[in-house]
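Peer 1: Quick one: sequence plus predicted model below, questions after.
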Amino acid sequence: METARTLLGDLLRQARQQSRYRSQEQLARVVGKERTTITHAELGDKVPSSEVLDDILAQCGVTGIAGDAIRGVHRLARREGGDGEPVKVWFVGWVDAEAAAWRITFWNPGAVPGLLQTRDYAYHTFRVYGLGHDQAEAATAARMERQQILERDAPPTVVAIIDEVVLQRQLGTPAVMAEQCKKLLEASERPGVIVQVVRGASAGIGGALALAEGPQGSVLLSGSVLEDTVTADGSQVRAASVIVDAVRGVAATTADSRVILGEIHQRWTA
């Protein structure tokens, strides 16, 4: 069965063969990597980083629609399990909406929003979901890459509404939780990042919701135990917006939320 990794490998091999670089060694030399890096990428054994991919495409003269298509397959491959487990293609729609958004709102009664997770917290989250070590490592790397949108020149406004229970529930070790609380505290001090903590029951107790608002309108990511869904359907987006507004209405203020985060951080470091 062809996977996103093997498809990416086939495309990269064809791109090299149609360029001036007839051997993997020649291409590796100009991108400043070992030949094995190119070999593994073309065989689909390992997915190259975004930086290496960009170097390969630039050296092979792949631009325009062809380059965009290969980058799309690369995103799929980065989210594919190490054993070639089929990727959830629908999720790429959310990643694209998230990357283009000027405002992203998260509510999750079960976990810290992915864009604000530490690497260790993300890894243990994926392990709890049932992924093996290699799959969890790959998923964590993809999640860390998504966080780069917060470092761009004009990052989106991020509103993270977090259930207090999430911060009190141990995931991994106490040190992992302490680091996660510290990251949330630091994130809450950044311009354009709003962190609010909810204490007690709320309208959003039924599941996670995320809304990305951008040039193409609003996109909804809704979570469930079995499968998340992504949609731009107006009625569903409006219904989710009502729930998010209700949850935010009972959340602590940003100042009070920082106090709560600080208290929980101290508990985990005690």
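Peer 2: All right, it came through fine. Treat the numbers as computed from the prediction; the structure is a model and nothing was measured.
Peer 1: Now do stretch 177-187: everything it contacts.
Peer 2: Defining contact as C-beta atoms under 8 Å, 6 or more residues apart in numbering, one finds that stretch 177-187 is touched by 112, 116-118, 120-121, 158, 160, 162, 167, 170-171, 193, 195, 258, 261-262, 264-265, 268-269. All C-beta atoms are positioned from the backbone trio N, CA, C, and that covers glycine.
Peer 1: please redo it, this time with the cut-off set to 6 Å
Peer 2: Outside stretch 177-187, the residues that touch it by C-beta atoms under 6 Å, 6 or more residues apart in numbering are L116, T118, Y121, Q170, V193, V195, L261, I264, H265, W268, T269.
Peer 1: now the last one, nearest residue through space, not along the chain?
Peer 2: If you skip the residues right next to it in sequence, T269 has A178 as its closest partner in space, 4.8 Å away by C-beta to C-beta, 6 or more residues apart in numbering.
Peer 1: Which SSE is immediately downstream of the host helix or strand of the one you found?
Peer 2: Assigned by DSSP states H and E, A178 belongs to helix 174-188. Note on helix 174-188: by DSSP H and E, the next helix or strand toward the C-terminus is strand 193-198.
Peer 1: Show me what that next one packs onto, helices and strands only.
Peer 2: Helices and strands touching strand 193-198, by 3 or more C-beta pairs under 6 Å, 6 or more residues apart in numbering; DSSP states H and E, are strand 157-163, helix 174-188, helix 254-269.
Peer 1: what's the spacing between the nearest residue to G223 once chain neighbours are set aside and P156?
Peer 2: Closest residue to G223 apart from its sequence neighbours, by C-beta to C-beta, 6+ apart: A208 at 3.4 Å. Using C-beta to C-beta, to the nearest Å, one gets 18 Å for the distance from A208 to P156.
Peer 1: What of L131?
Peer 2: 27 Å.
Peer 1: now the helices for this protein?
Peer 2: Applying DSSP state H to the chain gives helices spanning 4-17, 24-31, 35-43, 50-59, 64-78, 90-100, 119-128, 133-146, 164-168, 174-188, 234-250, 254-269.
Peer 1: Now do the buried residues in the shortest one.
Peer 2: Translated: helix 164-168. The neighbour-count check on helix 164-168 (16 or more other C-beta atoms under 10 Å) flags E164, V166, L167 as buried.
Peer 1: quick one: which of those residues is nearest A97?
Peer 2: Nearest to A97 among the buried residues of helix 164-168 is V166, at 23.7 Å by C-beta to C-beta.
Peer 1: Could I get the pLDDT score of that closest one?
Peer 2: Here the pLDDT value assigned to V166 is 96.
Peer 1: Could you list the buried residues of the helix holding A178?
Peer 2: Buried residues in helix 174-188 (16+ other C-beta under 10 Å): V176, M177, A178, E179, Q180, C181, K182, K183, L184, L185, A187, S188.
Peer 1: and if you look at stretch 113-123?
Peer 2: P113, G114, L115, L116, Q117, T118, R119, D120, Y121, A122, Y123.
Peer 1: likewise stretch 96-111?
Peer 2: Those would be D96, A97, E98, A99, A101, I104, T105, F106, W107, N108, P109, A111, for stretch 96-111 by 16+ other C-beta under 10 Å.
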